[in-house]
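Novice: quick one, structure for this:
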Amino acid sequence: MALDPTALAPMANAIRALSMDAVEAANSGHPGMPMGMADVATVLWSKFLKFDPAAPKWADRDRFVLSAGHGSMLIYSLLHLSGYASPTMGDIRKFRQLDSVCAGHPENFLIPGVECTTGPLGQGLAMAVGMALAERHLNATFGDDLVDHRTWVVAGDGCLMEGINHEAIGLAGHLGLGRMVVLWDDNRITIDGDTDLSTSEDIQARFRSAGWHTEECDGHDFADIERAIAAAVADGRPSLVACRTLIGKGAPNKQGGHNVHGSPLGAAEITATREYLGWTSAPFEVPDDILANWHSLAAKGAEARAVWQARLAAAPQGAEFSRRMEGELPAGTEAATTFAAWLEGSQKVATRKASELALEVLTTVIPEMVGGSADLTGSNNTKTKATGPLTAKDYAGRYVYWGIREFGMSAAMNGMALHGGVIPYGGTFLVFSDYARNAIRMSALQHARVVYVLTHDSIGLGEDGPTHQPVEHVMSLRMIPNLQVFRPADVIETAEAWMLALQSSATPSVLALTRQNLPQLRNVANSGSENLTAKGAYRLVSATAARKVVLLATGSEVELAVAVAASLEGQGIGADVVSMPCWELFDAQDATYRADVVPADALRVSIEAGVTLGWQKYVGDGVTIGIDSFGASAPAPVLFDHFGFTVEKIVPRILERLA
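Specialist: Residues are numbered from 1 along each chain as shown. The predicted model follows:
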């Protein structure tokens, strides 16, 4: 049953009341945006959004992304009012408190109706691009009967200023993601004041130049809002709707000014706002008739979901679609069997090439893998025979040419993973992970299964010099919680790392890979069927003489550690070699295993072509061999010698400590 148009204003005012009361109770937060966008959000949820509060993870729901995450009370209010089980009014009363799911910025792992964690401005919009891309890809694979939904974004001025916005809208326009609509809260206010302090660009012209359709509306005129959104839906291009709003709408003495952006209104202004809006209910109370109107919106979505479920049950590909959306990997042992056979060989390849070899196998048997590279396909080795280009003309493709957009690529991959049905992986040089770092952090925070293929992992890349040679990058990535950082030593460890990354449904992974060739260190003689990389670290070579030294190494330096151990053994000094491809997995092992692999009764020596900071947790007061400066431009062998990564330069340092 259609709502009476006169019901919309009280429904919007319920958002305003909850938002101002929650921020006031917390004495912290951002009331201005939710109050300003309450009218637009009410039209969206009542007229356009496809959702069912009883099934917040329904695969074919519309995705709603609050890119302007500081205005979190907007989405908390919308979810509560429309009948979602979470958040409760009790949660809203405890907004921004430790035991409430209503965090200061929306967290996808706290509330099922929150599609992605937002707050770092611009990333919500960029993640929405990934969601829209995943929707089109799955639609091309499974058809309209199973996949036919839209992606909606509420973005503020800050979202559109951030550099990632330029990357994201360029991608969306180029790929023709016409199922995506951005509702711009055009209130012309930032924290510092009016936007004309810092910008004078024509934002709509910028979007149009990127291939977008644009509309304008009065963000406080319900009919005009509906007209503009309907026009956006009717157009085949991605759309920007500029909603001219008044920040803090309804607060008579503060609306329209920057002071309402990020501070509570204060008791006196809240009283004045209640009078201005005609809102007579007590804090955190919503009149029954208004709540009933909000709850009535669920019926349309529930009916659509029931019809969709019948189609899913009858669809020949229904089971496969459900498997992908649930994040389960395909059954079968083809990949594991293939990788086990590699133990019989002796492949000397760069680990970036080893990654390509693994991907050739994996992308054949795991069809939900969608790869790409930030304009470094030939260097990252991320393209396989099974992954044709994903383009505006063929969304069924499985390889995205992201262009030189590392940040945009990474955020979009987060959106793809969070949408479901897709396992994204993307490549760039390890040194350029700095461009993408906050998106990588957001992968970890959101428990998103994204795989970052980061090649050219050390001074081993050679002549390109210190601008391209990562030194601090591997260690800095290890600092991010819930991120698996793999630095494999050979083709076997690389394949094992890929298997672990794909099996980690709630943890993103980084594969730091070499440009230079490395020998195969693992074979049938020193490896069983167990995935040793899963332990994070393991004894690759055991001492033959009485053990005095334990060498810990990663990646390309494991080969060097083996050679150092051989030299020490030749002098009667027993030395273990421990390959340590993933610190995070090693730290997760039990204390007995860790003490056995890295015993305290020997001199512990770390060897890694990167900063030494951090290795002390494993070697204690032992020896750390690394690079605590920038690199240099020269052939790789010259650089390794220059920075001390040779047997001849490492062994004397060890002998000196043993003396």
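Novice: all contacts plus neighbour counts: C-alpha atoms, from now on.
Specialist: Fine.
Novice: show me where the stretch 201-350 of the chain has strands.
Specialist: Secondary structure of the stretch 201-350 of the chain, counting by DSSP state E, counting those that start in this stretch: strands at 213-218, 239-244, 349-350.
Novice: for those strands, which one sits closest to Gly614?
Specialist: Closest approach to Gly614 among those (CA to CA): strand 349-350, 25.9 Å.
Novice: so of the strands of the stretch 201-350 of the chain, which one's packed in deepest?
Specialist: Comparing the strands of the stretch 201-350 of the chain by mean neighbour count (mean count of other CA atoms under 10 Å), strand 239-244 comes out on top with a mean of 25.
Novice: which of the three states applies to the closest residue to Pro599 other than its chain neighbours?
Specialist: Nearest residue to Pro599 in three dimensions, chain neighbours excluded: Val550, at 7.9 Å (CA to CA, 6 or more residues apart in numbering). Per DSSP: H, G, I helix; E, B strand; the rest coil, the local secondary structure of Val550 is strand.
Novice: and if you look at Arg449?
Specialist: Using three-state DSSP, the structure places Arg449 in coil.
Novice: got a list of what it touches?
Specialist: Applying CA atoms under 8 Å, 6 or more residues apart in numbering to Arg449 gives the contacts 414, 417, 423-424, 443, 501-502, 504-509.
Novice: cool, Ala358 as well?
Specialist: Ala358 touches 339, 494-495, 498, counting by CA under 8 Å, 6+ apart.
Novice: those strands in the stretch 1-150 of the chain, which residues are they?
Specialist: With strands called from DSSP E, counting those that start in this stretch, the stretch 1-150 of the chain shows them at 63-66.
Novice: so who does the spatially closest residue to Gly465 that is not a sequence neighbour touch?
Specialist: Leaving aside its sequence neighbours, Gly465 sits nearest to Ser633 (CA to CA, 6+ apart; 3.9 Å). For Ser633, the contacting residues are 462-466, 639, by CA under 8 Å, 6+ apart.
Novice: again with Gly462
Specialist: Applying CA under 8 Å, 6+ apart, the residues near Gly462 are 469, 633-636, 639.
Novice: swap in Pro112?
Specialist: 56-57, 86.
Novice: for those residues, pick the one with the most neighbours.
Specialist: Of all those, the most densely surrounded is Ser86 (21 neighbours; neighbours counted as other CA atoms under 10 Å).
Novice: tell me who's in contact with that one.
Specialist: Neighbours of Ser86 in contact, by CA under 8 Å, 6+ apart: 79-80, 111-113.
Novice: tell me the two of these that are most distant?
Specialist: Top of the distance list for these (CA to CA): His80 and Pro112, 11.9 Å.
Novice: so what's His258 closest to, chain neighbours aside?
Specialist: Gly193 (5.2 Å).
Novice: burial count for that neighbour?
Specialist: 14.
Novice: what do you get for Val450?
Specialist: 32.
Novice: over to Ala525?
Specialist: Ala525 has 8 neighbouring residues, counting by other CA under 10 Å.
Novice: hang on, it is in a helix, isn't it?
Specialist: No. Residue state for Ala525 (three-state DSSP) corresponds to coil; a helix is not indicated.
Novice: and it, how far is that from Pro519?
Specialist: Separation of Ala525 from Pro519 (CA to CA, to the nearest Å): 15 Å.
Novice: same question, Val233
Specialist: Taken as CA to CA, the span from Val233 to Pro519 is 56 Å.
Novice: low-confidence ranges in this protein?
Specialist: In the predicted model, the chain carries pLDDT under 70 at residues 1.
Novice: what do you get if the cut-off is 80, keeping everything else the same?
Specialist: Along the chain, the model assigns pLDDT under 80 to residues 1-2.
Novice: mind listing what's buried along stretch 245-265?
Specialist: Judged by neighbour count using 16 or more other CA atoms under 10 Å, the buried positions of stretch 245-265 are 245-252, 254-265.
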